[in-house]
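*Asks:* Provide a 3D model corresponding to the input given below.
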Amino acid sequence: MAKLKITETVLRDAHQSLLATRMSMDDMREILPEIDKIGFYSAECWGGATFDSCIRFLNEDPWERLRILRKEMPNTKLQMLFRGQNMLGYRHYADDLVEYFVQKSIANGIDIIRIFDALNDIRNLETAIKAAKKENGHAQVAISYTLGEVFTHEYYMNYAKQTRIVSPISISPTSTLTFSTSAAGNARYDTSFSTSCRTPVSTLSWFSKIISATE
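*Replies:* Numbers count the residues shown, from 1 in each chain. Prediction:
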């Protein structure tokens, strides 16, 4: 049976969704050692809107935040959300800048980079994935899930198959509960799927079918 891997997202997604990413480092710091003791597979604590909010609203250095998180949670893998070619911004950036940002993220404490493109365009993931693997980081492709006539099971299964072109270590639609199994014929590729507490059970069933299609 596949091992259940749980990612804690309270330090990134929770306050980004509920509090407009306004939790300061002082708000988090006291609880970090307690989170570290629990034994989570990883903690998604950086990336997304946290970088922007640190600079624009909280008067914090986002890199110093990452270094503090790494120091206070030495036993937990740190995970970030990365917008592909957009990095943590709102437009496309040059390849060399993406590569340098990934390198510095891993050097300052990130273990897992969860990379997505809002349009599910593989081309916008390639540079970040290659950069993460070059730095011995865990490159995880996140599939952007939405509803609509064109977004069928076949659409998502085809996209999941396309991710093999860029060879991520794992794939997921979200990041709270992750179930991993080794993919046939490729020990370096974990097919992973996950669902958050807000996600309907039907989505979990949907993603399990997609994973089956990639094996």
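
*Asks:* all contacts plus neighbour counts: C-alpha atoms, from now on.
*Replies:* OK.

*Asks:* how about low-confidence regions in the protein?
*Replies:* 1-2, 173-215 (pLDDT under 70).

*Asks:* can you map out the helices along it?
*Replies:* Counting by DSSP state H, the segments of the chain that form helices are 15-19, 25-29, 32-38, 50-56, 62-72, 95-107, 126-134, 153-162, 201-214.

*Asks:* and residue 86, what is it in contact with?
*Replies:* 92, 93 (CA atoms under 8 Å, 6 or more residues apart in numbering).

*Asks:* please report how far it lies from residue 151.
*Replies:* Between residue 86 and residue 151 the distance is 23 Å, computed by CA to CA, to the nearest Å.

*Asks:* what does residue 116 give?
*Replies:* 17 Å.

*Asks:* quick one: stretch 61-80 to chain centroid distance?
*Replies:* 15 Å (CA atoms, centre = their mean, to the nearest Å).

*Asks:* repeat for stretch 58-65
*Replies:* Relative to its parent chain, stretch 58-65 has a centroid offset of 20 Å by CA atoms, centre = their mean.

*Asks:* what about that stretch, how long is it end to end?
*Replies:* Start-to-end, stretch 58-65 (CA to CA) is 11 Å.

*Asks:* buried ones in that stretch?
*Replies:* By neighbour count on 16 or more other CA atoms under 10 Å, the buried set for stretch 58-65 is 58, 60, 62, 63, 65.

*Asks:* which of those residues sit farthest apart?
*Replies:* 58 and 63 (13.2 Å; CA to CA).

*Asks:* more neighbours, residue 116 and residue 151?
*Replies:* Neighbour tally, residue 116 and residue 151, criterion other CA atoms under 10 Å: the higher count belongs to residue 116, 27 against 11.
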